[in-house]
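S.K.: Got a predicted model here, sequence first, then my questions.
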Amino acid sequence: MKKAVLAAGTGAVVLVAALVPAGPKVQAATEADQAAQAGTSAPRGFGSAVSSVQSKAWQTNASVNTLAVSGDLVFAGGLFTRVRPPGNASGVGDAPRKYFAVFNRTTGVPTKFAPRVNGPVWSVATSPDGKRVVIGGDFTVVDGVPRSRVAMFDVASGKLVAGWDPAVNYRVAALKVTGSTVYLGGSFRLVDKVARNRVAAVSSSTGALLPWNPDADDDVHALETSTDGSRVFVGGGFTQIGGRDDHALAMVNPSTGAAYAMPAAAAIPELTPGCDSRVKDLEVQGDKVFAANAGAGVGCYDGVLAANAKSGKLIWQSHCLGATEAIKAIGNWLYKGSHAHDCSADGEFPDKTGMHHLLVYSTLTGKLGPWFPNTNAGGETLVGPLAFASGGNDLWAGGDFTQVNGVPQEGLTRFTNVPGGAAPARPAAPKVASARPNKVTIAFPTVLDRDNISLTYLVYRGNTRVGAYTRSSNSWTKAAVTSMTDSGLTSGQTLSYHVLVSDGRNTRKSPTVSVKVR
């Protein structure tokens, strides 16, 4: 529990009861976040890298399965066939964008880059220089030209790259583009009529099939490379890959395809008839790799883990239940899209507290942090968020949701770091009483804020501040009550009291109540 900070006032202030739970420990990402953690002023008004208040963005008419950001463009692929402005009902003011759309990252408005794709898009990735974008999925024709489940575009012109046309025989669900290579993952068995079981590599310049062949025995859902390029991380449902018996998560050589030992994979339960936990997304940041799991089976592992990107050793692991489909690291925060419903194994919220579709972890400790927007879940997956992307100061989320923070918004939304954030809830009127001569007791409960755990509470007698406290609260914990005594008062006076609660930028005031001093 954090100690109360007592402010100077005309009356002496005594803290008589402050049994307030500290809440989850979080790792501050910036000076503003550290200030929020310390209970001092946070100039942005929110505690993690982005606000929980959604910014305007166009919507889709069905699920967004995959997202990528390059420069001022956001690339979205999925099951949708049309897009429409924010706030519009389905079919109102919409425009055709079949399975693939490109949006302006600043405005959220679709661009003129609008290829014609004849089937769902399940993966998208951009080249390191941002000049190329690659899509993968179930399609066979793009802009009237045969393209078998994978295609590359020139970003500047919006046109297909001529001659770059690997032929993949089934769904491409994962992509990673480096300077020389495009890595493919999915459910396929052939590339250019050559055996490649669910994972392959082609030249980024010519599209020619490369010798790299880790040979996975089940579907691949996610691909990433280490920062130095010495490792390729593979996530999926396999139990054998690169010559090793590795389940769901593997680390392989980018040249030979041979798998390295990855001790962190042992944290994922083995495949059994009652539990199939698969890695659905991967994220690399610095010397860490993060893996997101979705489990089929009651109580089957659905959590997130962090591992060393060189040694493969486990750093931390979350055991929340509720399939995790998307993760994205921004600063010292790892954002998660899931249908988390039970994080009691981590000392966080228990089951039956609702679905928490959007959450954030400290990348350093794996503890939940101060970010609690939410979506609903719809479509076929009933998960909600399915994909994340970021340009460094924003977070784009795609999925099968139709609402964000209780407001209609289908398929796509975004969160930014524009100062403001969510305001705390308005505090209730404090309970005041004068049971002893020359003293008044004041009690007030904590309130909630969607992007802060720690808030500052200021207690006023008229215009005089008589108390200042830092308190932590979460939606899944009972509101805690702080009581204090205002002493040295004159008997017979009628005094008024109110409480201000602040997140460092947004302040809410309680109703004012009066009491006659005994």
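M.R.: That came in fine, so what should we check first?
S.K.: ok but Gly295 is inside a helix, no?
M.R.: No. The secondary structure assignment for Gly295 gives strand rather than a helix, going by DSSP: H, G, I helix; E, B strand; the rest coil.
S.K.: show me what contacts it?
M.R.: Listed by Cβ atoms under 8 Å, 6 or more residues apart in numbering, the contact partners of Gly295 are 269, 275-278, 301-302, 323. Yep, even glycine has a C-beta here, placed from its N, CA and C like the rest.
S.K.: and of the residues you listed, the nearest to Ala250?
M.R.: Checking these against Ala250 by Cβ to Cβ gives Arg278 as the nearest, at 12.4 Å.
S.K.: Would you agree the closest one is in contact with Ala222?
M.R.: No. Taking contact to mean Cβ atoms under 8 Å, the distance of 9.3 Å between Arg278 and Ala222 leaves them out of contact.
S.K.: Find residues that contact each of those two.
M.R.: Where contact means Cβ under 8 Å, 6+ apart, the residues bridging Arg278 and Ala222 through contact with each are 235-236.
S.K.: pLDDT below threshold where in the chain?
M.R.: Counting by pLDDT under 70, the chain contains low-confidence ranges at 1-42, 379-381.
S.K.: Can you show me the helices along it?
M.R.: If you assign secondary structure with DSSP state H, the helices in the chain sit at 31-38.
S.K.: mind giving me the domain split of it?
M.R.: Partitioning the chain according to automatic domain parsing yields domains covering residues 13-46+423-516, 256-372.
S.K.: hey, which of those domains is tucked in deepest?
M.R.: Highest mean neighbour count among the domains of the chain (mean count of other Cβ atoms under 10 Å): domain 256-372, with a mean of 20.
S.K.: what distance separates the start and the end of that one?
M.R.: End-to-end distance of domain 256-372 (Cα to Cα, to the nearest Å): 43 Å.
S.K.: mind checking how far that domain is from the chain centre?
M.R.: In terms of Cα atoms, centre = their mean, to the nearest Å, the centre of domain 256-372 is found 12 Å from the chain centre.
S.K.: Same question for stretch 228-244.
M.R.: Between the mean C-alpha position of stretch 228-244 and that of its chain there is a distance of 24 Å (Cα atoms, centre = their mean).
S.K.: you'd agree Ala49 is up against Lys328?
M.R.: No. Taking Cβ under 8 Å as the contact criterion, Ala49 and Lys328 are not neighbours in contact, 9.9 Å apart.
S.K.: returning to that earlier point: tell me the two of the contacts of Gly295 that are most distant?
M.R.: When Cβ to Cβ is used, the two most widely separated members of the contacts of Gly295 are Pro269 and Ala323, lying 14.3 Å apart.
S.K.: Make JSON lines out of the domains of the chain and add distance to Arg198.
M.R.: Conversion of the domains of the chain to JSON lines gives the following (distance: least, Cβ to Cβ, whole Å):
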{"stretch": "domain 13-46+423-516", "distance to Arg198": "36"}
{"stretch": "domain 256-372", "distance to Arg198": "12"}
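S.K.: can you tell me which of those domains comes nearest to Val117?
M.R.: Minimum separation from Val117 across the domains of the chain (Cβ to Cβ) falls at domain 256-372, 21.7 Å.
S.K.: Next, the contact list for the spatially most central residue of the chain, please.
M.R.: Nearest to the mean C-alpha position of the chain, counting by Cα atoms, centre = their mean, stands Tyr335 at 2.7 Å. Taking Cβ under 8 Å, 6+ apart, we find Tyr335 in contact with 50, 327-329, 358-360, 371, 388, 395.
S.K.: one step back: the domains of the chain: which one's closest to Phe75?
M.R.: Scanning the domains of the chain with Cβ to Cβ as the criterion, the closest one proves to be domain 256-372, at 14.7 Å.
S.K.: So for stretch 75-88, what gets flagged as buried?
M.R.: In terms of neighbour count (16 or more other Cβ atoms under 10 Å), stretch 75-88 has its buried residues at 75-80, 82-86.
S.K.: neighbours around Ile135, how many?
M.R.: By the criterion of other Cβ atoms under 10 Å, Ile135 has 27 neighbours.
S.K.: now swap in the one 10 residues further on and tell me
M.R.: By other Cβ under 10 Å, 11 other residues sit near Val145.
S.K.: same deal with the one 5 residues further on?
M.R.: When neighbours are defined as other Cβ under 10 Å, Val150 has 27 of them.
S.K.: Wait, it touches Val168, no?
M.R.: Yes. Counting by Cβ under 8 Å, Val150 touches Val168, with 5.5 Å between them.
S.K.: Now the common contact residues for the two.
M.R.: By Cβ under 8 Å, 6+ apart, the residues touching both Val150 and Val168 are 136, 184.
S.K.: quick one on the thing from earlier: show me the one of the domains of the chain that comes nearest Pro146.
M.R.: Distance to Pro146, taken as Cβ to Cβ, is lowest for domain 256-372 among those, at 28.1 Å.
S.K.: what sits against Leu458?
M.R.: Residues in contact with Leu458 (Cβ under 8 Å, 6+ apart) are 7, 465, 467-468, 499-502.
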